[in-house]
Each structure stands twice: as structure tokens, then as C-alpha cells.
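**Q** kindly return the folded structure for what I paste below:
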Amino acid sequence: MKFKEGDKVLFLNEKGGGIVTRVVDEDIVHVSIEDGFEIPYAVGDLLKTGHEEAAPASRRDEPGIDTGKQSRLKMLTHQAVDIPEAVFLAMVPRNQDQVLAGAMDFYLVNHTPYFLYFGLMVNKSGHFQGIASGRIEPSSRHHLGKVERTEIEDWNHSLLQTVFYQDGKTEPREPINRHIVFKPVKIYKEESFAFSQLLHQKAYMVEV
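**A** Numbers count the residues shown, from 1 in each chain. Next up is the predicted model:
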């Protein structure tokens with residue numbers, strides 16, 4: 001089933017629904033829910049119910065918010081109160097029903113109250129290559145792009161460098177200069193992909 005901006009949808013695997021605000025590709029769309037947040041969903045998890053003449057303004061239309069690969073989406077942090085403040089690399093299978101097959105969407109998740117300025121480099125055969133940089137708002141996530149499973153080795157031992165910032169009175173937080181290390185074989189184990197309160201999807205989360 002194809003979707004377009006403004007389509008009303010219901011969620012097949014959970015209560016509620018929303019309005020499509022952006023079509024990423026034939027497999028992924030962004031849905032604005034009643035709380036005003038925009039969440040990515042696999043099209044197989046949605047049921048079209050109608051079409052709005054005017055879709056609600058998406059966060060991608062706000063000043064300072066990049067589109068496409070640079071999308072930043074607010075998280076429902078009130079449902080993630082038990083998760084410690086941290087930065088995560090999240091690997092989200094595009095096919096949520098078959099998490100061991102197909103491409104994945106990679107996100108950098110800023111689960112802190114600080115603005116996060118970052119640079120990310122992957123490790124290609126021992127040589128670092130810069131692939132992403134920018135700013136992530138507090139309690140938000142940054143879409144790094146679509147990654148095929150054959151590319152996963154490049155992401156093991158990738159290097160993340162960050163600076164944290166908060167307006168007004170604040171407690172300074174130490175910058176991060178750290179390798180992201182995980183076992184690539186985990187993406188072929190179903191138990192690695194648990195439902196994430198931060199992403200509202202099954203994901204393999206690596207804390208930085």
C-alpha cells in the first residue's frame with residue numbers, strides 16, 4: 001500500500017493512529033500522532049483510513065531543521081523515564097516483522113537534556129571516514145541513513161565525538177570522544193532486537 005502526505009492511518013500493532021507527514025521511501029513513512037510528535041513507521045504496520053486536505057506542519061518545515069537524511073524527531077520521553085541519560089547508536093530493521101532480514105535505519109539518539117553537537121566517522125578497513133555531523137536537540141534522534149547488513153563491519157569501532165550544550169544555568173557535561181563497539185553477529189540474533197521505548201520500534205541499541 002502506498003501512502004502520501006496527509007493520509008490518515010491507524011496502527012496495526014498498537015492503539016491509535018495519526019497523519020502521514022513525510023514519505024521517506026516505499027517502506028518508511030513519518031506519522032504525526034495526537035501528542036504532536038512525529039514517529040517513523042514501516043508501511044506494513046499502518047492501515048490507511050482517509051486523506052486530510054492539509055497535513056499538519058511537519059518538524060522538517062521548522063527553521064533550522066534539515067530534511068531527508070538529517071531528520072531529527074522528538075521522542076516520547078515521558079514513556080522512557082527508566083532509561084538512563086545517555087547517547088545511543090540505534091539500529092532499526094525496516095521490516096519489523098522479520099528483524100533479521102533486509103536493511104536497517106541507523107539513528108544517533110540523544111537521550112539527555114542537552115543539545116548535542118557531534119561528528120561521526122566510520123571505520124573502513126582501518127581508515128576513518130567522516131559520514132555525519134550536526135546538532136541534535138535534547139531528547140531527540142538523528143537519522144543517519146539506511147544501512148545494508150553487508151556494511152555493518154564499517155560501523156563497528158566507528159568514532160563518535162560530541163560536545164554537550166545547555167542554555168542558561170547548567171552543569172557542564174564532559175565531551176565524548178569514543179569508539180562505538182559492538183559484536184556484528186548480534187544483528188543476526190533475534191533477541192538482540194527489543195522494543196525500544198525511545199524509538200517505539202524494535203531496535204538494537206548500543207550505548208556510547
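**Q** which residues touch the nearest residue to residue 106 once chain neighbours are set aside?
**A** By the measure of CB to CB, 6 or more residues apart in numbering, the closest residue to residue 106 outside its immediate chain neighbours is residue 144, 4.2 Å from it. Where C-beta positions appear, they are placed from N, C-alpha and C, glycine not excepted. With contact taken as CB atoms under 8 Å, 6 or more residues apart in numbering, residue 144 is in contact with 69, 105, 106, 107, 108, 120, 131, 132.
**Q** residue contacts, the residue nearest the centre of the chain?
**A** With distances taken as CA atoms, centre = their mean, residue 107 lies nearest the centre of the chain, 3.9 Å away. Contact criterion CB under 8 Å, 6+ apart gives 89, 90, 92, 141, 142, 143, 144, 199 as the residues in contact with residue 107.
**Q** distance check, it against residue 174.
**A** Between residue 107 and residue 174 the computed distance is 23 Å (CB to CB, to the nearest Å).
**Q** same check, this time on residue 188
**A** From residue 188 across to residue 174, the span is 35 Å (CB to CB).
**Q** the two: who's more crowded?
**A** residue 188 (12 against 8; other CB atoms under 10 Å).
**Q** tell me which element the closest residue to that one other than its chain neighbours is part of?
**A** For residue 188, the nearest residue in space outside its immediate sequence neighbours is residue 100; the separation is 5.9 Å by CB to CB, 6+ apart. For residue 100, there is no enclosing helix or strand under DSSP states H and E.
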